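Engineer: kindly generate the corresponding structure for this input.
(one chain, ligands or ions: 1)
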Amino acid sequence: MKRLYPYLTGGITEDWTDYLLAYQQAGADAIEIGLPFSDPMLDGTTIQQASDRALRRGTTIDAILADLAAVRDRISVPLFAMTYANLVFRDGPEVFCRRLAEAGVSGLIVPDVPVDEADGLSSAAEAAGVDLVLLAAPVTPPERLAEIAARSRGFVYAVSVLGTTGERDELAGTAAPLAARIKAVTDLPVLIGFGISRPEHATAAARAGDGVVVASTLMRRVLDGATPGELLDDVAALRAAVDQADQEVPADHAHAEVSGDRG
Ligand SMILES: O=P(O)(O)OC[C@@H](O)[C@@H](O)c1c[nH]c2ccccc12
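Structural biologist: Numbering: from 1, shown residues only. Below you'll find the model as predicted:
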């Protein structure tokens with residue numbers, strides 16, 4: 001089964017946990033929750049605006065984790081927190097990871113902590129029972145990629161393209177080769193993210209890896225005022241697109257059938 005991990009910025013609206021429930025109902029396999037940070041340097045305009053809106057509402061990590069703890073018994077899919085080093089190291093990684101675990105969050109992605117600086121955070125996460133997910137990009141050299149794959153937990157995040165998060169017109173040509181390189185060195189699932197903006201991108205990326213992470217296209221809808229019910233439809237469309245990659249006839253087989261028809 002190919003996986004779909006949609007993203008939501010924590011605290012973006014007062015009823016933000018209703019979006020989580022909608023994502024789950026639409027068939028998300030896990031959900032990434034962004035803990036908003038004032039200087040999200042890897043994020044494009046959509047996620048930046050989403051973070052800004054959440055911060056302007058006065059949301060805090062404490063408030064987000066309290067909201068999560070309140071709905072945790074209605075959520076059966078794993079939750080991953082995504083945030084920046086600054087927030088993780090403010091009170092120390094041990095305290096941070098323990099608080100995540102207490103709120104029912106089982107994974108953590110911190111894109112600005114590179115693998116060679118991840119020792120302290122890795123052990124804090126492991127001690128708290130939280131999977132620290134590491135990221136690889138198209139420019140990551142082979143040796144480093146092997147280290148990232150070996151030290152990542154839960155899955156490996158394949159950053160499809162250089163640059164910031166955000167919607168794109170096409171799936172980057174670098175996505176599939178990167179997923180193949182990572183899959184060659186690990187048995188962990190490889191999830192492709194950055195620029196998966198349309199159902200057809202999700203199908204193509206799910207074909208190349210084990211699944212997709214989708215954020216900006218959904219957060220743009222939330223910013224535009226779409227309701228949890230409307231997001232449920234969006235995530236359901238992505239679910240169908242990801243499942244399509246599973247249902248396809250393997251390439252060799254399809255080719256044989258085509259030539260058979262012709263012959
Ligand atoms: O927004 P996109 O292009 O759909 O890509 C997912 C990405 O936004 C999400 O996984 C994410 C949000 N913030 C990040 C920072 C770094 C790496 C990844 C992320």
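Engineer: whichever strand or helix holds Ala236 - contacts with which helices or strands?
Structural biologist: For Ala236, the element it lies in under DSSP states H and E is helix 228-247. Helices and strands touching helix 228-247, as assessed by 3 or more CB pairs under 8 Å, 6 or more residues apart in numbering; DSSP states H and E, comprise strand 3-9, helix 16-25, helix 199-208, strand 211-214, helix 216-223. The C-beta positions use only the backbone N, C-alpha and C, and glycine is treated the same way.
Engineer: can you rerun that using 6 Å?
Structural biologist: Where contact means 3 or more CB pairs under 6 Å, 6 or more residues apart in numbering; DSSP states H and E, helix 228-247 is packed against strand 3-9, helix 16-25, helix 199-208.
Engineer: go through those and pick out the most buried.
Structural biologist: Between the helices and strands packed on helix 228-247, strand 3-9 has the highest mean count of neighbours, a mean of 26, where neighbours are mean count of other CB atoms under 10 Å.
Engineer: how about the strands in the chain?
Structural biologist: Secondary structure of the chain (DSSP state E): strands located at 3-9, 31-34, 79-82, 107-109, 131-136, 156-159, 190-193, 211-214.
Engineer: can I get these in CSV including distance to the ligand?
Structural biologist: Shown next, in CSV, are the strands of the chain (distance: least, CB to the nearest ligand atom, whole Å):
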stretch, distance to the ligand
strand 3-9, 5
strand 31-34, 6
strand 79-82, 5
strand 107-109, 7
strand 131-136, 6
strand 156-159, 7
strand 190-193, 4
strand 211-214, 4
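Engineer: what's the burial count for Met41?
Structural biologist: Other residues lying near Met41 total 10 when counted by other CB atoms under 10 Å.
Engineer: these two touch, right, Ala81 and Val105?
Structural biologist: Yes. Ala81 is within contact range of Val105, at 5.0 Å (criterion: CB atoms under 6 Å).
Engineer: list the contacts of the residue nearest to the spatial centre of the chain.
Structural biologist: Central residue of the chain (CA atoms, centre = their mean): Val213, 3.9 Å from the mean position. Shown in contact with Val213 (CB atoms under 6 Å, 6 or more residues apart in numbering): Tyr5, Leu191, Gly193.
Engineer: try it again with 7 Å
Structural biologist: Neighbouring residues of Val213 by CB atoms under 7 Å, 6 or more residues apart in numbering: Tyr5, Tyr7, Glu32, Tyr157, Leu191, Gly193.
Engineer: and if you look at Arg168?
Structural biologist: Gly195, Ser197.
Engineer: need the per-residue pLDDT for it.
Structural biologist: Looking at Arg168, its pLDDT reads 92.
Engineer: for Thr13, same thing?
Structural biologist: For Thr13, the model assigns a pLDDT of 97.
Engineer: interface residues of the protein facing the ligand?
Structural biologist: 7, 32, 34, 42-43, 47, 82, 111, 165-166, 193-196, 213-216 (CB under 6 Å from any ligand atom).
Engineer: the same query, at a cut-off of 5 Å, please.
Structural biologist: Tyr7, Leu42, Pro111, Thr165, Gly193, Phe194, Gly195, Val213, Ala215, Ser216 (CB under 5 Å from any ligand atom).
Engineer: for the helices and strands packed on helix 228-247, give me TSV that also has distance to Asp243 and mean pLDDT.
Structural biologist: Formatted as TSV, those follow (distance: least, CB to CB, whole Å; pLDDT from 0 to 100):
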stretch	distance to Asp243	mean pLDDT
strand 3-9	9	98
helix 16-25	16	98
helix 199-208	8	97
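Engineer: make JSON lines from these and add distance to Leu100 to it.
Structural biologist: Output for these, formatted as JSON lines (distance: least, CB to CB, whole Å):
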{"stretch": "strand 3-9", "distance to Leu100": "16"}
{"stretch": "helix 16-25", "distance to Leu100": "15"}
{"stretch": "helix 199-208", "distance to Leu100": "27"}
